[in-house]
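A.B. asks: this is a predicted model, with the sequence first.
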Amino acid sequence: MKRLILAAAIAAAPVAALAQTTTTTTTTVERTEPDYGTIRTYVTKEHHESFAAPDGFTVTTGAPLPEPVPLYRLPDDVGPYQYAVVDGHTVLVDEQRNIVKIID
């Protein structure tokens, strides 16, 4: 009797293994380029004063913006950016305070 149960279990094992499935879902987030004309219009309307860059800092794309420089929010429909006005340049900044784009 034990052999019969063991044989039945062995016979059923491949069927159980075949019944297992794996599903993988991949999500891609597509970021579109922000509308720099809209950003310029918004920044001009808000008119924040330019902040003097700390000694040794140069406004360049990819550079991390130093902490004393204030950031300002853009409208939600513009994208995940904030902006700052440093040495007369308006710059877009990402979540880590890196300059993404110098827009003027």
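C.D. replies: Here it is on my side, so go on. As the structure is a prediction and not an experimental result, all values here were calculated from the model.
A.B. asks: where do the strands of the chain begin and end?
C.D. replies: Listed in chain order, the strands of the chain (DSSP state E) span 72-73, 82-86, 89-93, 99-102.
A.B. asks: contact partners of the second one?
C.D. replies: If I follow you right, that is strand 82-86. Strand 82-86 is contacted by residues 39, 43, 48-53, 57, 59, 65, 69-74, 90-93, 103 when judged by C-beta atoms under 8 Å, 6 or more residues apart in numbering. All C-beta spots, glycine's among them, are computed from the backbone N, C-alpha and C.
A.B. asks: apply 10 Å and report the result again.
C.D. replies: 39, 42-43, 46-54, 57-59, 65-66, 69-74, 90-95, 97, 99-104 (C-beta atoms under 10 Å, 6 or more residues apart in numbering).
A.B. asks: one more: the shortest one?
C.D. replies: Here strand 72-73 makes contact (C-beta under 10 Å, 6+ apart) with 42, 43, 46, 48, 81, 82, 83, 84, 85, 90, 93.
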